[in-house]
Structure formats: structure tokens, C-alpha cells
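Undergrad: What follows is a predicted structure for the sequence shown.
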Protein chains: 2
Amino acid sequence: MTKESLNLGDNYSSRLTKVRDSIKRKGIDGFLVTDVHNVRYLTGFSGSSGLILITRKETFFVTDFRYKEQAEKEVKGWDIIIGKGDMIKTIKGLSKKTAIKKLGFESSMAYEVFRRLSNIGLSLNAFEGLIERLREIKDVIEINSIREAVGRAETAFLEVKPYMKHGVRERAIALRLEERLKKNGCRQIPFDVIVASGPNSAMPHAKPTERKLNKSDLIIIDWGGEADGYFSDMTRTLLIGGDNVSKKKEIYQIVLKANKSAILKILPGVKSKDIDFSAREVIKRAGYGEFFGHGTGHGIGIQVHELPRITWNKREVIKKDMVFTIEPGIYVPGLGGVRIEDMIIVKSNGHEVMTTLPKELEIIK
Amino acid sequence: MTKESLNLGDNYSSRLTKVRDSIKRKGIDGFLVTDVHNVRYLTGFSGSSGLILITRKETFFVTDFRYKEQAEKEVKGWDIIIGKGDMIKTIKGLSKKTAIKKLGFESSMAYEVFRRLSNIGLSLNAFEGLIERLREIKDVIEINSIREAVGRAETAFLEVKPYMKHGVRERAIALRLEERLKKNGCRQIPFDVIVASGPNSAMPHAKPTERKLNKSDLIIIDWGGEADGYFSDMTRTLLIGGDNVSKKKEIYQIVLKANKSAILKILPGVKSKDIDFSAREVIKRAGYGEFFGHGTGHGIGIQVHELPRITWNKREVIKKDMVFTIEPGIYVPGLGGVRIEDMIIVKSNGHEVMTTLPKELEIIK
């Protein structure tokens, strides 16, 4: 790729153009973006308090005193407004100044803000997921960052793996993994690392406990990395050697088959529910349907969970340059659970598995 | 305190009673709690996806498959409903079953959920901050947890302090501090540690960079700890010895005076804006008013920022057992900044400063 295509400024302006096109198509005069991740996607602002108002001609970025210097550094080409106290007054002032009458807003906005906005004499239109849908398709810079986030997470895992063995506590493993993620350059940990062993592994969202890894345990490790504000998310399940592990081996192989089966389906044009079906059917046919209650995957980018959702009731059409996880699982209370999660990028005539860690069953001591 | 007063179950039921009293007073049949922190406050559920419906007689906790086992462990005495897909349908089903007609909801709820709820034949009433206001007043268990969170943060700081010196990078200090917080028992880091040196310290919410601490630098360290899901938040500013530090020493002493002056004001019955005024006036009189643009403090508990807000436009009446920060600052672009942040608990006839770290100016090498 050329140097030009890596100019982040160009990317922001192309994102803005897409939003403006929507504004025109929908016949509104302005659009208010309140979701902090969407604000970041459009402006580059990485702070936690800011909103933007896009009109047909102007672009305003509103934040408060605490973020003044940061906004001046990060937000290029926008009018930066430092609000004093009441955000609604600031919006009212701006809409007067720009003669906005019809204002679009994000339906994720709090009801309370909606109610107060209703009182300033504008006609309001809710838009659901407008920017979230733009965010589904990753550009080359985003893909590079995600790739780096995958790499950092994999390196951290491999560094900590020799330490994952009989007698070590779940929490100690999680801590080491987080330390290695940070040491490998992640500025944020996308979510608290999950290390769930033995019966704990039957909880898809378990938190690490003081439990020590034991013989015959299944151990689910679910973690992610970060680069330039973009995240990765992956899961591996290990088995510690011991007695009575045949059932555990069996569910491992079923989940692995479901994971591969779903990935094979991925191609532009297929529907998200069909990818889900492909994994779910493998698990159902093996008799474990009731033990796989969550979706098969989710988009990932500047949030750990974003669009598309790969699940049974979503008919979203898969497109080139979407990035999402595939993570079927089986969770048997008392016995334990298995989840195998990879990150996939959709290519023009297929897909690429971004996760490179092996996923065949590994029995550790 | 007696053993009984430490029974967490009793605390949850007393919180629920307060919400029920409100429901009756407001003449509604049920109340829907969607804010995840409020859900946690009322039920003990520590997962990230769940909502509750409280009627005059029933209590329903709704989550999804991923949190089934966790909910069964954590949420005692509530009917646990595992929703399948559409939350609105689940709420519709529950309100039919319980014959609810007037439903209260939290005004922080997303507009989109409000819009969809409007279509299921209920009369809806928005409530702003009902549970947030209950959360302002901490009970004895909460205060113990916050005290522990303060202790862990202080221990971590003292462990890393010898390392804070000329030539060390901001980011390296932040990483060490986070490591020590975790090692001292914090399961979460409440917010990314701020280490801002030299000109960076002029940004109240700076992120740690690769900049090395230099002679004559002011260094703001803003960090917090956690215990049982409750947070602490504190800031200290250090100065590295060097030339031309007289102005930096001067602003340090002004901020320290502002910090002490605000704390002295704290007593049940005073208004939050008067506490803010007390700090702000010191800074204004010294000629630095324009360089202190944020509020003086904020409540803290299961969120880092909660009620009360100690700022110029809030007339909230301070009450016994509120816990909040006092954190005036002066930020001079180019020169640097100073912030000194303590945590305070309001006592029946005064206050107690929970933070025990010294706050007189310390010049390091």
C-alpha cells in the first residue's frame, strides 16, 4: 500500500463524507453524535467526554475544559468548542448559529438527553446504528492496527503459557497475561482476562478466582490485546492430563469442528445467521445444543463488541473487510466448558483467519 | 459494629425497600432498572449484562445465557429470568404476568429502548437519578470496602515511589503502579493511571507517554484502587529538583491551600457549590482562576464518578456518609500542572480525610 493510503487524516475525512451523504439522503440539516466510540471514529479524539455536531457544511467538536489540550492535539479540522456546564445549551447555541431545523441524533443517546433536546425548538429524528454500520467495514489502517493487536495478544499468551499448569491459581495466570499484554505494548486491556478452570469453565463469562488448576481440568483462557485503540479477542481451551477426561476431549473436538465449520462459511454475501447455524448445527447434532447458549461471534474494532453480530436471529449480510470473532462453545455445569475463538477478516472471495495460535487439543501436565 | 450489620444480604434488602418506598410514593406499579451499576447495587450481580424489574411484590432479574451460573451464585432472593434474544419481549411478558400498568424507568436508559418500550401498552414514567441518589450515602460495608481500596492504592504508590525519578518514562511508572495495584489485591483498575510530567501535566486527563521525567518537572500521578468492586481515586503531584522552579512551587502551594480550604468546609448541611467555591476562591484570588476549569470533586463508590458532584453549579446538600474527592488543580499550558486529590467521608459533625499519604510539596531528585 502507498504512503498516501496510510494518511489517517484522509481516513477521517472519508468517514465524514459518508456521514454527510447520509445526512443529505435523510433530509436533515445536522447530525448529533453522542456515542463516545463514534465520536472517536470520526474525529480521532480518544478522551471519554465529547460530542460532535455535523451540519451540511460545519463540523463542531464539543468537549470540556479537562480535554481542551487533548482535543487541540487530536481533533484536526473541526471547530473545537469548550462547553461550560450545560451541553444542551451549547447545542442550542450551535444550532441557532447554523440555522439547523431538523436534527438527527443517535438512538443510543440517553432518554434524558433526548427529553431535554426536545425542548429547544428543533425537529428531532432518531437514527439507529448509522455510524456503527460504517464502522463494520474496516479500512487498511484499522486492519493493520487490529493485526497488531492480535500479534501482541498472541505473544503475551505464548509467554505465559509455560506457566499454565497444575497447582497455579487462575488469578495468577490472568495477572501475568495482563502484565505481558502491557509489556508488549498494549495501552489498554480490552476486557478483564478470563481464566476459568474445572467447573468454573462452565461459566462463559467467569472471573478468575483463587482456584488452583487441577488434574483433568479444562481451562478456558479468553483475552485480548490492543494497538492504536483497536482490540483483539481470542480464546483457547487447554486440558490438564488426568483421569476421566474422555468426555472433555469429546466436547473439545465438537467445539473445534463447530469453529472450523463456521469459519469455512465466511464469504461476502452470506448471512450472519447462516454462519451461526453452521457452528450451532455441529453442536446440536452432537447432542450438546442446550449447552451452547450464546452467539457464535461479534464484530470487533474500537470496541470489543460491535457489529456485525454473528448469531441465530441476525440476517446481516457479510461484507468484505468486516472483522469478527468466531467462538462457539459448550458449557456443561459441573463438568466444565470449551470455547475456541478466532478472529476473522472477510476477503473479497473468502476470509482470512487472523489468529495464528494452534487450536488442536493440547494436553498439559 | 456487630456481625449482623455486616450481613450483605440485609443491605440488599434495605436498598430494595428504599426503592419500593419510592415506587409506592410515585404511584407506579413497577420500576425498570437498566443501568448496570444500579443493577449491581441492588442485586450484587457483577456481570455486565442484566436488568431488573421491581414491582410492589415481585423482583425479577433478567440476564442472558452467558451469565446464568453467575446470576445464580450472586443474585439471591430474586426471580432469575434468562432472556432469549429480545429484552423488550421479556419485559412485556413480565409486565403482563404481574399486571403492571404504570412502569417507571431510569432516564439514563437509551432512547431506542424507550421507543420500543413505548409500544407495548404501558404508561411510562422517567425517573432521573433515583438509585444514584440512594448510592450517594454509603453504608458500613461500602465504607469498609472504599477504605480498603484507598489502602491498596496508597500501598501501591509507596511501593512505586522510589522509582519515580529523573530519566524514567511516564509509561513505565504507570505500568508499575498498575502492577502493584493488582498485586495488592485490586481485581480491577478503576481507570488508566495518569502519569503526566513537565508540559504534559498541564492536561488534566493526560495519558502516560514515552516522555522521560526531567529536571524541574512537575509530575501529576492520578490513580485509584479497588476492593469488593468499590473504588478509590487520588492524585499527588511531585516536583523534580532543578532550575526555575519557583513558579511551580508557587502554584503547588496555592493548590494545596485550595485543597485544604475545601476540605475544611465539609460538614452535613453545606451545599456542594460552597465547597467548590472554597477551593476556587483561593485559586482565583491568587490569579490562577482561568487555569482551574474542572469541578472540585465527585462522589465515588461502585463507579469512579458518581453523585454528589462538587462543582460551581450544584447546590446539592452534603449528607453524612457521602464519600467524595476534593481535587482542585492549576494547569498552565507550557509550564505544567498541579492537582492534589484526597478522598473524604462526611461524618455527623464534620469529615474524615480517608487518604493518608502526605501532601506537602516533595522535591525529588
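TA: Okay, I see it.

Undergrad: In terms of helices and strands, where is the closest residue to chain B within the stretch 151-300 of chain A?
TA: Relative to chain B, the nearest point of the stretch 151-300 of chain A is residue A:293 (2.9 Å; CB to the nearest CB). (Glycine included, C-beta is placed from N, CA and C.) Residue A:293 is part of no helix or strand when elements are defined by DSSP states H and E.

Undergrad: Tell me the spatial nearest neighbour of it, not counting adjacent residues.
TA: Of all residues not flanking residue A:293 in the chain, residue B:65 sits nearest, at 2.9 Å (CB to CB, 6 or more residues apart in numbering or on different chains).

Undergrad: close enough to count as contact, that neighbour and residue A:204?
TA: Yes. Assessed by CB atoms under 8 Å, residue B:65 is found in contact with residue A:204 at 7.4 Å.

Undergrad: shared neighbours of these two, anything?
TA: A:293-294 (CB atoms under 8 Å, 6 or more residues apart in numbering or on different chains).

Undergrad: Compare the two (neighbour count), which wins?
TA: residue A:204 (25 against 18; other CB atoms under 10 Å in any protein chain shown).

Undergrad: and the more buried one, helix, strand or coil?
TA: coil (DSSP: H, G, I helix; E, B strand; the rest coil).

Undergrad: so it sits right up against residue B:63, yeah?
TA: No. Using CB under 8 Å, residue A:204 makes no contact with residue B:63, being 11.6 Å away.

Undergrad: OK, contacts around the residue nearest to residue A:293?
TA: Residues near residue B:65 by CB under 8 Å, 6+ apart: A:204, A:293-294, B:82.

Undergrad: try residue A:286
TA: Shown in contact with residue A:286 (CB under 8 Å, 6+ apart): residue A:254.

Undergrad: Can you check the pLDDT for it?
TA: Reported pLDDT at residue A:286 in the predicted model: 98.

Undergrad: Look up how far residue B:242 lies from it.
TA: Residue A:286 sits 69 Å away from residue B:242, going by CB to CB, to the nearest Å.

Undergrad: Just give me the neighbour total for residue A:61.
TA: For residue A:61, using other CB under 10 Å, the count is 26.

Undergrad: sec struct for it, please.
TA: strand.

Undergrad: How about residue A:178?
TA: What three-state DSSP gives for residue A:178 is helix.

Undergrad: ok, now the one 10 residues further on?
TA: State at residue A:188, reduced to three classes by three-state DSSP: coil.

Undergrad: Stretch A:12-28: how far from the chain's middle?
TA: Distance of stretch A:12-28 from its chain centroid, counting by CA atoms, centre = their mean, to the nearest Å, is 24 Å.

Undergrad: Can stretch A:302-318 be said to contact chain B?
TA: Yes. On the criterion CB under 8 Å from any CB of the partner chain, stretch A:302-318 is in touch with chain B at residue A:313.

Undergrad: Put the alpha carbons of that stretch into PDB.
TA: Output in PDB follows, covering the C-alpha atoms of stretch A:302-318 (Å, rounded to 0.1, in the frame of the first residue of the first chain):
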ATOM      1  CA  ILE A 302     -12.500   0.200  18.600                       C
ATOM      2  CA  GLN A 303     -15.000  -1.700  20.800                       C
ATOM      3  CA  VAL A 304     -14.600  -5.400  21.800                       C
ATOM      4  CA  HIS A 305     -18.200  -6.000  20.800                       C
ATOM      5  CA  GLU A 306     -19.500  -4.200  17.700                       C
ATOM      6  CA  LEU A 307     -21.400  -5.000  14.500                       C
ATOM      7  CA  PRO A 308     -21.900  -7.500  12.900                       C
ATOM      8  CA  ARG A 309     -23.400  -9.900  15.400                       C
ATOM      9  CA  ILE A 310     -22.900 -13.500  14.200                       C
ATOM     10  CA  THR A 311     -25.900 -15.100  15.800                       C
ATOM     11  CA  TRP A 312     -29.100 -17.100  15.100                       C
ATOM     12  CA  ASN A 313     -31.500 -14.200  14.700                       C
ATOM     13  CA  LYS A 314     -29.400 -11.800  12.700                       C
ATOM     14  CA  ARG A 315     -29.600 -11.800   8.900                       C
ATOM     15  CA  GLU A 316     -26.900  -9.300   8.300                       C
ATOM     16  CA  VAL A 317     -25.100  -9.700   5.000                       C
ATOM     17  CA  ILE A 318     -21.400 -10.300   5.400                       C
END
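
Undergrad: List the buried residues in it.
TA: A:302-311, A:314, A:316, A:318 (16 or more other CB atoms under 10 Å in any protein chain shown).

Undergrad: Same question for stretch A:248-263.
TA: Across stretch A:248-263, burial judged by 16+ other CB under 10 Å covers A:248, A:251-252, A:254-263.

Undergrad: swap in stretch A:205-212?
TA: Buried residues in stretch A:205-212 (16+ other CB under 10 Å): A:205-208, A:211.

Undergrad: what's the average pLDDT for that stretch?
TA: 92.

Undergrad: Which positions are bridged to residue A:346 in the beta structure?
TA: Counting by DSSP bridges, residue A:346 forms beta bridges with residue A:351.

Undergrad: Please give me every residue in contact with it.
TA: Counting by CB under 8 Å, 6+ apart, residue A:346 has contacts A:266-268, A:318-323.

Undergrad: rerun that using 7 Å as the cut-off
TA: A:266, A:268, A:318-322 (CB atoms under 7 Å, 6 or more residues apart in numbering or on different chains).

Undergrad: next one: residue A:163
TA: A:173, A:176.

Undergrad: now check stretch A:23-39, is it near chain B?
TA: No. If you take CB under 7 Å from any CB of the partner chain as the test, stretch A:23-39 misses chain B, and the best it gets is 9.8 Å.

Undergrad: Can you report how many residues neighbour residue A:97?
TA: 11.

Undergrad: How about the residues of chain A by chain B?
TA: Selection of chain A residues close to chain B by CB under 7 Å from any CB yields A:47, A:65-67, A:69-70, A:85, A:107-112, A:114-115, A:126, A:128, A:175, A:179, A:182, A:188, A:192, A:202-205, A:293-294, A:313, A:333.

Undergrad: Of these, keep whichever come out buried.
TA: Buried by 16+ other CB under 10 Å: A:47, A:65-67, A:69-70, A:107-112, A:114, A:175, A:179, A:182, A:192, A:202-205, A:294, out of the residues of chain A next to chain B.

Undergrad: Now the most centrally placed residue in chain A: which helix or strand?
TA: Central residue of chain A (CA atoms, centre = their mean): residue A:304, 2.3 Å from the mean position. For residue A:304, there is no host helix or strand (DSSP H and E).

Undergrad: OK, contacts around it?
TA: A:190-191, A:224, A:231, A:233.

Undergrad: can you rerun that using 8 Å?
TA: Applying CB under 8 Å, 6+ apart, the residues contacting residue A:304 are A:190-191, A:224, A:231, A:233, A:298.

Undergrad: of the residues you listed, closest to residue A:155?
TA: residue A:224 (12.8 Å; CB to CB).

Undergrad: The closest one and residue A:303, how far apart?
TA: 11 Å.

Undergrad: what's the overlap in contacts for those two?
TA: Common neighbours of residue A:224 and residue A:303 (criterion: CB under 8 Å, 6+ apart): residue A:231.

Undergrad: before we move on, the earlier item: OK, contacts around the residue of the stretch 151-300 of chain A closest to chain B?
TA: Residue A:293 neighbours (CB under 8 Å, 6+ apart): A:204, A:331, B:64-66, B:68, B:82.
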